[in-house]
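K.L.:
need coordinates for the following:
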Amino acid sequence: MMEEFRVGRGTLREALRILEINGLISIKPGPGGGPVVESASTHDFGRMATLFFNASGMTLRELIEARLILEPVTARLAAERRDADGIAQLRAVVAFGETNDEDAYIRATTDFHSLVAKLAANGVISIFVLALAEVFHARVREIIFPKGRSRRSVVETHSEIAEAIIAGDADIAESLMYEHMKAYVRWVEKSHPSVINEVIEWIM
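P.N.:
Numbers count the residues shown, from 1 in each chain. Purely as a prediction, here's the structure:
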C-alpha cells in the first residue's frame, strides 16, 4: 500500500486509523491479517455524529425534533416508491409487532421505522433518519418504552401507516407518521422531562 499510494509508513498508519475509527475498516492482527473493508453502517455514522452534537451542546429534544421532520418524509417517499417486495416486508414487520414478548416487540418497532426509511429509497435521508434513531435509543431504550395500552396503540398506528404506504397514499402516510412521532415526543416529555433536555452524549 505504501508503494501503491506513494506514502510513508506513518501517513498510511494514520489513514488506516482514521478509517478504522469511523468504522469503514477493521484491522485483523497476525499473519495474513491487515485492513478489511467493512460495510458503512448507520451505527458508525451516528456514533461519529454524536461527537459534533455533544461539542455543540445539542440536546435530545433537538434530535427528536429533527426526527419529527424527517420520519414523515420517509413515509411519504415509501408510499410513492413502494413495490411488491416492500409491501410484503411491511406486512411481516407489522404482524411481528403483535406480540407479548418484550424483546420481539422492541425489535419489531425498530424494524418498522428502519424498513420505512429503507423503502423511501433515498440513501441520504435514510442514513440520517436511522442514525438519529440509534443515537436516541442508545440513551433512552433502557428507561423509556411504552407498555400496555400505549404499546397496543403503537402497534395499531404502525399498522395504519403501513396500510397507507401499501395503498400508495403519500399524504395519509406522512400525516400518520407525523402524528405518531408527535405523540411519542409528548409521551417522553411527560414521562421523563429531564432526559429530553440532556445534552447528547458522545458515543465513543
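
K.L.:
next, count neighbours for R17.
P.N.:
When neighbours are defined as other Cβ atoms under 10 Å, R17 has 12 of them. In this view, the C-beta of every residue, glycine as well, is placed from N, C-alpha and C.

K.L.:
my bad, should have said Y178
P.N.:
The burial count for Y178: 17, using other Cβ under 10 Å.

K.L.:
please report phi then psi for the residue most central in space within the chain.
P.N.:
Geometric centre of the chain, nearest residue: L130, 2.0 Å, by Cα atoms, centre = their mean. Torsion angles at L130 (phi, psi; degrees, to the nearest 10) stand at phi -70, psi -40.

K.L.:
who are the contact partners of it?
P.N.:
Applying Cβ atoms under 8 Å, 6 or more residues apart in numbering, we find L130 in contact with 42, 46, 113-114, 117.

K.L.:
if we go to 7 Å?
P.N.:
Residues near L130 by Cβ atoms under 7 Å, 6 or more residues apart in numbering: 42, 114, 117.

K.L.:
per-residue pLDDT of the second one, please?
P.N.:
At S114 the predicted local distance difference test score is 93.

K.L.:
tell me where the model's unsure across the chain.
P.N.:
Along the chain, the parts satisfying pLDDT under 70 run over 99-100, 102, 141-150.

K.L.:
domain map for it?
P.N.:
According to automatic domain parsing, the chain comprises the domains 2-37, 42-196.

K.L.:
mind checking how far the last one is from the chain centre?
P.N.:
Meaning domain 42-196. Centroid separation between domain 42-196 and its chain, computed with Cα atoms, centre = their mean, to the nearest Å, is 7 Å.

K.L.:
cool, and the first one?
P.N.:
Averaged C-alpha coordinates place domain 2-37 at 28 Å from its chain's average position (Cα atoms, centre = their mean).

K.L.:
report the buried residues of that domain.
P.N.:
Within domain 2-37, the residues that count as buried by 16 or more other Cβ atoms under 10 Å are 16, 19, 23-25, 35.

K.L.:
in JSON lines: the residues you listed, plus secondary structure and distance to P72.
P.N.:
JSON lines is the format used below for those (DSSP: H, G, I helix; E, B strand; the rest coil; distance: Cβ to Cβ, whole Å):
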{"residue": "L16", "secondary structure": "helix", "distance to P72": "40"}
{"residue": "L19", "secondary structure": "helix", "distance to P72": "34"}
{"residue": "G23", "secondary structure": "coil", "distance to P72": "29"}
{"residue": "L24", "secondary structure": "coil", "distance to P72": "31"}
{"residue": "I25", "secondary structure": "strand", "distance to P72": "35"}
{"residue": "P35", "secondary structure": "strand", "distance to P72": "40"}
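
K.L.:
and the contacts of L130 as JSON lines, adding distance to F5 and secondary structure?
P.N.:
Listed next are those as JSON lines, based on distance: Cβ to Cβ, whole Å; DSSP: H, G, I helix; E, B strand; the rest coil:
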{"residue": "T42", "distance to F5": "29", "secondary structure": "helix"}
{"residue": "S114", "distance to F5": "36", "secondary structure": "helix"}
{"residue": "A117", "distance to F5": "36", "secondary structure": "helix"}
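
K.L.:
scan those and report the most crowded one.
P.N.:
Result: A117 is most packed of the contacts of L130 (other Cβ under 10 Å), 26 neighbours.
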